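1. Dropping the sequence and predicted coords here.
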Amino acid sequence: MSSEATSLEFPDGFLWGTATAAYQIEGAVTEDGRGPSIWDTFSHTPGKTYHGDTGDVACDSYHRYPEDIAMMRRLGLGAYRFSLAWPRIQPDGRKPVNQAGIDYYSRLIDALLEAGITPVVTLYHWDLPQALQDAGGWANRDTADAFAEFTSVAAEALGDRVHRWITLNEPWVSAHVGYRDGRHAPGIQDPAQAVAANHHLLLAHGQAVRAIRESSPSPAQVGITLNLACVRPTGRESARVALDAEARQNGCYLGPLFSGAYPERLTADFSPALADGLVRDGDFEVIRQPIDVLGVNYYAPTYVGVLADDGQPRRGETDAGNGYVTVQPPGLPITAMNWLVEPSSLHELLTRVVAPVTGDLPVYITENGSAWHDYVTPDGTIEDEERQAYLRAHLAAVHQAIADGVNVRGYFAWSLLDNFEWAEGYARRFGLAFVDYGTQKRILKRSGELYARVARANALPLD
């Protein structure tokens, strides 16, 4: 904190950025040789997304990326985390390589560097080539090999200018929302496939780390991004289910990555270790490849309780299976995504869940943000006071975690732009900039102006 106590100052060299994902912003889904992904298929399936929305056009960032980079420069950002669309580079998920896809990302990276913005590249943000899904998707072990091949192609082509890589974004969502719940692509509801996908995604991560080290023409920092959960019980009897929930979402990834094992408390419907023949000799050696950073995505806490004896959730509860419910305690704000707002949970996540596992490993908040019911006022502004409050409070929580010894090196706001919010379509807005989807006009919100002040000063103003 400054001597006048007017701001919370962050460490020298703290990296301020923003994040996006290819299918959510690029559009141009049939241009320049791009093949279909599972999200193209899913979003075009009636009833799967809000109002049948698709990413066909999205924010048209494929064509408008110079405008978006200019906005990042206006914000004073030091980094941009974006993802490569696998089917844009390998339309069928395996060789041959579509050079037009490589050329697009090469142009994007060059433009970022010219603007003084560091590219942070996520290799997989959920857009699996449909051809690989037709062969079994992440439930098929061969998909991990295909991902390693794709990674080698990307690292060899772009690694002379990209020095920061994220292998996977939120593998828990890919496996369990995509293959267990079916709410995301590929829309499968099969616990056995979810468990297999869980393991094969981790195997793909380990193989990708090796591929980057072997194929990149220059040294690189490599990590993975996890959506770790801060789970809080709503009573003493729910302490057990809170531990179970953290094992499923946190331990199921932190365990293999850092300890070389899945948590023993996982039940057979969640544990790859208990699936016959799924885990093979040498798998954990691959998965435990040393990483340089850990990315943490955080949006909201999770409160859990025990399902009532009659098997019916009470008011404010949602049946989460396995005898427990998620709970919305009264008194906490709720975003447009129906997610709780509780900044102290981010501090707890970093200090209680992350730091004991990672030690001195650099940690980056690779996504944090909130959706609200934004609109353009008659004078042409977007006031979004709720997002400003969310941003302030969560940055203060990160600052406190750093003061408490957690090695947090950077923060990426989600998201630069309003965009295609997966199954929610265009009904939810997370952006620092408002997008008028009819005209593709971008308008910086007040929260974007606040974030620019923070990034330029490397400090959170307390006014």
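-> Alright, I've got the coordinates.

2. The nearest residue to Glu26 once chain neighbours are set aside in helix, strand or coil?
-> For Glu26, the nearest residue in space outside its immediate sequence neighbours is Tyr62; the separation is 4.4 Å by Cβ to Cβ, 6 or more residues apart in numbering. Using the backbone N, CA and C atoms, a C-beta is placed for each residue, glycine as well. Secondary structure for Tyr62, judged by DSSP: H, G, I helix; E, B strand; the rest coil, is helix.

3. thought Tyr62 was touching Glu31?
-> Yes. The pair Tyr62 and Glu31 qualifies as a contact (Cβ atoms under 8 Å) at a distance of 6.9 Å.

4. Comparing those two, which residue is more hemmed in?
-> Tyr62 (21 against 13; other Cβ atoms under 10 Å).

5. And the lengthiest helix in the chain, what's buried?
-> As far as residue count goes, and with DSSP state H defining each element, the longest helix of the chain is helix 191-215. Residues of helix 191-215 classed as buried under the neighbour-count rule (16 or more other Cβ atoms under 10 Å) are 193-212, 215.

6. that older thread, next up, the contacts around the residue nearest to Glu26.
-> Under the criterion of Cβ atoms under 8 Å, 6 or more residues apart in numbering, the contact list for Tyr62 reads Glu26, Gly27, Ala28, Glu31, Tyr104.

7. Quick one: residues contacting Leu158.
-> Ile102, Tyr105, Ser106, Ile109, Val121.

8. got it, and Asp360?
-> Each residue near Asp360 by Cβ under 8 Å, 6+ apart is listed here: Asn407.

9. which phi and psi does it have?
-> With angles defined as degrees, to the nearest 10, Asp360 sits at phi -90, psi 0.

10. measure it to Val406 for me?
-> 10 Å (Cβ to Cβ, to the nearest Å).

11. How about Asp127?
-> Asp127 sits 32 Å away from Val406, going by Cβ to Cβ.

12. more crowded one of the two?
-> Comparing Asp127 with Val406 by other Cβ under 10 Å, the one with more neighbours is Asp127, at 26 against 17.

13. where exactly do the strands run in the stretch 251-400 of the chain?
-> All strands of the stretch 251-400 of the chain, identified by DSSP state E, counting those that start in this stretch, fall at 293-297, 302-306, 317-319, 324-327, 363-367.

14. roughly how far out does the last one sit from the chain middle?
-> Yep, that's strand 363-367 we're talking about. Distance of strand 363-367 from the chain centroid (Cα atoms, centre = their mean, to the nearest Å) equals 9 Å.

15. For Val29, which non-adjacent residue is spatially closest?
-> If the residues on either side of it in the chain are set aside, Val29 comes closest to Asp56, at 5.3 Å by Cβ to Cβ, 6+ apart.
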